[in-house]
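with the sequence up front, the predicted model follows.
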Amino acid sequence: MDVLWESRQMLLAAFGQTISLLIVAGLGALALGTLLGAFRVSAVPALRAVGTAYVTVFRNTPLLVVFLLIYFGLPELGIRPPQFWLASLALFLYTSAFVCEAVRSGVNAVDSGQAEAARSVGMGFGQSLRLIVLPQAFRAVIPPLASVFIALAKNTSLVAGFGIADATYRMRGLINNNPGDVYAIFVGVALGYVLIVAVISLAARGLERQLEVAR
């Protein structure tokens, strides 16, 4: 375990990079996924078609392919942001499709009478969705959203293949330089990911209890 202790500063910085990717991509996915979920339940056929097409494309495309398209496609168009933002973009575009489906399932779980009551007092679709339906839907989808963000936390490891110094990238370097400590290095880094997942799970449980309402 000496190699882990001696490399602790590097590993902490690497996990900081992983957590930064998780936060940036997660917030982006939550915003875009919620918007797409609203599209999916919209009364406007064109919006439903956009939401359905997005989910179909990204849910059926491997994340690695999304990374390759972003990393090699955008520079061809003259767009060359830092690698961190390219990785965040790929992660959040992919994850948004799964957030969308979680939000849509939550909206469908809300009693239709709620929307009808909102329309009866003069609310439009957007108002009733924003003020009445979505707050109730999010209470129902906290566990599936937590699962989506846990998957995102693990998916961040893919950025190691594109030269971003996240936890997986540093783990690979340590193993190459210390082949005799491969198991200790692997277990140590794996425990770091377990800790991140545990924090997400605990936060979801706490939020679920806080938002729980009597039925």
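Right, received. Where do you want to start? Values in this document were obtained by computation on a predicted structure and should not be read as measured data.

got the contact list for stretch 39-59?
36-38, 66, 93-94, 96-98, 100-101, 104, 107-108, 125, 129 (C-beta atoms under 8 Å, 6 or more residues apart in numbering). In this view, the C-beta of every residue, glycine as well, is placed from N, C-alpha and C.

how far is the helix or strand that Ser20 is a member of from where the chain is centred?
Per DSSP states H and E, Ser20 falls inside helix 8-40. Relative to the mean C-alpha coordinate of its chain, helix 8-40 is positioned 6 Å out (C-alpha atoms, centre = their mean, to the nearest Å).

name the residues of the helix or strand following that helix that are buried.
Counting by DSSP H and E, the next helix or strand C-terminal to helix 8-40 is helix 45-59. Across helix 45-59, burial judged by 16 or more other C-beta atoms under 10 Å covers Leu47, Val50, Gly51, Tyr54, Val55, Phe58.

mean confidence for helix 45-59?
Across helix 45-59, pLDDT averages out at 94.

elements contacting the next helix or strand along the chain from it?
Per DSSP H and E, helix 45-59 leads on to helix 63-76 as the next helix or strand towards the C-terminus. If you count contacts as 3 or more C-beta pairs under 8 Å, 6 or more residues apart in numbering; DSSP states H and E, helix 63-76 packs onto helix 83-109.

and the helix it packs on, what does it pack onto?
Judged by 3+ C-beta pairs under 8 Å, 6+ apart, helix 83-109 is in contact with helix 8-40, helix 45-59, helix 63-76, helix 134-140, helix 142-155.

mind putting those into a markdown table with distance to Pro82?
Output for the helices and strands packed on helix 83-109, formatted as a markdown table (distance: least, C-beta to C-beta, whole Å):
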| stretch | distance to Pro82 |
| --- | --- |
| helix 8-40 | 12 |
| helix 45-59 | 23 |
| helix 63-76 | 12 |
| helix 134-140 | 32 |
| helix 142-155 | 19 |
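
for Gln136, see how far away Thr34 is.
14 Å (C-beta to C-beta, to the nearest Å).

again but with Ala31, I slipped
Here the criterion is C-beta to C-beta. By it, Ala31 lies 19 Å from Gln136.

comparing these two, which residue is more hemmed in?
Gln136 (16 against 13; other C-beta atoms under 10 Å).

pretty sure the more buried one contacts Val110?
Yes: contact criterion C-beta atoms under 8 Å: Gln136 and Val110 qualify, at 4.8 Å.

pass me the low-pLDDT residue ranges in this protein, would you?
Residues of the chain meeting the criterion pLDDT under 70: 1, 112-116, 118-122, 125-126, 212-215.

go again with 90.
For the chain, the stretches with pLDDT under 90 are 1-8, 38, 41-44, 75-80, 106-140, 161-165, 176-181, 207-215.

ok, which of the helices and strands packed on helix 83-109 comes nearest Tyr169?
helix 8-40 (6.8 Å; C-beta to C-beta).

ok, Leu211 touching Ala140?
No: counting by C-beta under 8 Å, Ala140 is not a contact partner of Leu211; they are 9.7 Å apart.

pick out whichever of the two has more residues nearby.
Comparing Leu211 with Ala140 by other C-beta under 10 Å, the one with more neighbours is Ala140, at 19 against 13.

gap between the more buried one and Gln17?
33 Å.

buried stuff in stretch 194-205?
Ile196, Val197, Ile200, Ala204.
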